[in-house]
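Novice: Give me the fold of what follows.
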Amino acid sequence: MKYFALLGALLIALGCGSKDHATAYVPPEGGGDGGRPSTGSHAGAGGRTGTSGSGGSAAGDEAGAAGAEPANPLAPSVTITAPLAASDPNADPVVIDDQVTVVCSVTASTDPSATKVNASTVKIAAYDADGVQLKSSTGTPTANADEYSAPFVVADLPSGPISFQCTGSDSSSPVNTASTTVKTLLDRGPTIDIGEPMADSAHNLLGPMDVEFKVTAVPIAAGDKQAGVSAVSLAVGGTKIPVVDKGNGTYQVTVDFTDKALYASPPSGKIPVVITATNGRKNPGKAAHSLTYNIVVDGVGPAITLSSPEVGSVIGRASLLAFTITDSGSGVDRATVAVSLDKTAYVFSATDNQWTWDDATGTYTFKVGAQLLASTDSQVTVNVLASDKAGNPSMGNSRLFYLDNQPPTVDLDPPGVWETRQGATPDVVQCSDFFDPLGDGTQKLEVVNNKLVSTADGSPNDLITITNFGRFRALVWDETNFKLGQTDKFYSLTDKQSVRLYIQPDPTSPLLADDDGDGTCDEIWTGSAPHQRKPTDKPLPFLAMSPLVPTPAGNPAWGDADSAVPLAIAPYCQLPPDKASFVRLCGPTGQGVSDMSVVIRHPVPSNPFEPVIYAIEPNASATDVECAGSPWDVEAAISMAGLSTKLGWVCMAARALDNVGNPGISSPLRLCLDDGTNPDRCKGVAPPSCTDNCTAPPHFVSQAVKHN
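Specialist: Numbering: from 1, shown residues only. Below is the predicted model of the structure:
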């Protein structure tokens, strides 16, 4: 067992700052009652013997014996009356109290030419065994004439020799000064070294607490026969506890706070531990050393409050679990804080960047989403547990969340879709004709200003030629986790501010990259190996896209007998017997000018018409010609980005986040950029892969889309 002495700094109470090793006073060996001490410039003739040791200094005694200059007859007479001198630890009255009041008398010389004592010059000082001054105080006049006193706290000093000096001067000029010193012995009793419990340590109310400490006798001088330990006592929380002497000065006991014989009601909170050891000193009495410190007794575990996300929230890649843990007793033991995700526990670590914490408020955050990226479950139970420093466990707290770690499907050239509606009976579902959800983006050739120009009536499809401009749209369909037996899906939905369209004008550089190393492209390329971007490389051109929400959202064509895909939709629903042609969006009613006839939505339970079609700067008005999106001058965007305009193949891709931070990217859109001079510019030139040697994301899976 290691022991740790709970002693203060050696000289705190006596004023450490008053020590002056350069002017250390060496207490005199001699002196006597009624003798004349030396002045600052004259050696004394030697003091006469006295009980208080007053009189000349050792140097004065030696000078007097040698016949040197006699003591100054004009100097005051200085005598210390308390404490008494002590050199024999077995017989003399030693100092055993925590505080010593030094009393001395300073009287004027009886010489007719002497002046009276200047009371303000009376100084009383304490010195340690090495003669180093501990503290000096101005003497305070007592009720007795010519008597002065000064208190000195010695509770934190070690046992052993100690001395006090009294100095005073008269009122003459130059002054006549005298001093005297008394040597004594200080007994602070036996030393106490703590093994356990340590100060401020925490202890469980329901668990036994072991106590162990060591008591050592401290002789105050050679031949000290009265320093031996005579008694030892222990009190915990005000209750006296018998201790067992295990030999060699070691004492032990086990304290049970639930023992009703000791505690009528169990203690709680901060309680004192008091250990007292006494020796066998006889004059003036036994010296006791008492050591007091506090421990914490705690029987209640921490309280845990989950702050966010709210109950039933959808969590994902970027989600943070926030909670507070408070304990008014011993405090929270951070090493026991843990977040359990179903069967896996994540224990708090101050060096792990998945955790952040604030001790002032007891707040913790944990990157819960980052730990669930590989999970295929759709629901996750989160439990938070902790204990306090006394070992009391919390009751814990838990919350149920729905998991969405699936990226949104993003597509610039999706396959056709169809809408559904209820038929004549509830068990019959009717389907519209297939249509391109982004508008018909197949290539068309027109002559404009005597030039053959390639255009697309709708968002351009992959591998076609565009002349400078394109009216680009993206389908962003939020995906989520789903498990067999689950009746409802829970979506985080698309972050509508996150959808971006990117251009890579250099077909020899990638646009899509594999961010997590699984071989599938899942991010926009930012310069990762093997195609390292240089610091001087300019960023890729991009443009924000906004959701299309025109009202009304339009309708597709229904019941077209010439439909080319009746067999494809037959497993899902029937063709309606009635026919209805589509009406283009935008423009006055019945005079639509857009290439689109309908804006599909995502029929999620919490938001039945979640937007999924995004375009470039659409006009909010359903009657505006650009209500379904504005065209983008691709050639100009490349030039404005400071990149070389390269006619020929360019790569484009869209990126979107859902509301829990899962990123989705589209399969690349490979377009042949032309300026109107050569619509066959890319003929015979293989299109680029647009990827960093990764597999492009799949296209949107064709499915029926419930409209309204």
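
Novice: list the contacts for residue 381?
Specialist: 341-342, 398-401 (C-beta atoms under 8 Å, 6 or more residues apart in numbering). For glycine as for every other residue, the C-beta is placed from the backbone atoms N, C-alpha and C.

Novice: how far out from the middle of the chain is whatever helix or strand it lives in?
Specialist: Element membership for residue 381, per DSSP states H and E: strand 379-388. Averaging C-alpha positions (C-alpha atoms, centre = their mean, to the nearest Å) puts strand 379-388 19 Å from its chain's average.

Novice: Buried residues in the helix or strand just after that strand, which are they?
Specialist: For strand 379-388, the following helix or strand on the C-terminal side (DSSP H and E) is strand 397-403. Residues of strand 397-403 classed as buried: 397, 399, 401-403 (neighbour count, 16 or more other C-beta atoms under 10 Å).

Novice: again with stretch 612-622
Specialist: So, applying 16+ other C-beta under 10 Å, buried residues of stretch 612-622: 612-616, 618-619, 622.

Novice: ok, now stretch 481-495?
Specialist: Buried-residue list, stretch 481-495, by 16+ other C-beta under 10 Å: 481, 489-495.

Novice: what does stretch 573-587 give?
Specialist: Under the neighbour-count criterion of 16+ other C-beta under 10 Å, stretch 573-587 has 573, 575-576, 582-586 buried.

Novice: which among those gets closest to residue 324?
Specialist: residue 585 (51.0 Å; C-beta to C-beta).

Novice: Provide a complete list of residue ranges assigned to strands in the stretch 1-150 of the chain.
Specialist: 4-5, 77-82, 99-107, 117-127, 133-138, 140-141, 147-153 (DSSP state E, counting those that start in this stretch).

Novice: now those as CSV including mean pLDDT?
Specialist: Shown next, in CSV, are the strands of the stretch 1-150 of the chain (pLDDT from 0 to 100):
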stretch, mean pLDDT
strand 4-5, 44
strand 77-82, 97
strand 99-107, 97
strand 117-127, 97
strand 133-138, 96
strand 140-141, 97
strand 147-153, 97
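
Novice: Can you tell me which of these is most buried?
Specialist: Most buried of these by mean neighbour count (mean count of other C-beta atoms under 10 Å) is strand 77-82; its value is a mean of 22.

Novice: mind giving me the domain ranges of the protein?
Specialist: Domain ranges of the chain: 4-186, 191-298, 303-403, 411-708, per automatic domain parsing.

Novice: In terms of mean pLDDT, which of these ranks lowest?
Specialist: Mean pLDDT per stretch puts domain 4-186 lowest among these, at a mean of 74.

Novice: Spatially nearest residue to the residue nearest the centre of the chain (excluding sequence neighbours)?
Specialist: Computing the C-alpha centroid of the chain and ranking residues by C-alpha atoms, centre = their mean puts residue 357 first, at 3.3 Å. Excluding the flanking residues, the one nearest residue 357 by C-beta to C-beta, 6 or more residues apart in numbering is residue 364, at 4.8 Å.

Novice: And stretch 602-614, what's buried?
Specialist: For stretch 602-614, by 16+ other C-beta under 10 Å, it's 602-604, 609-614.

Novice: Fine, thanks again, bye for now.
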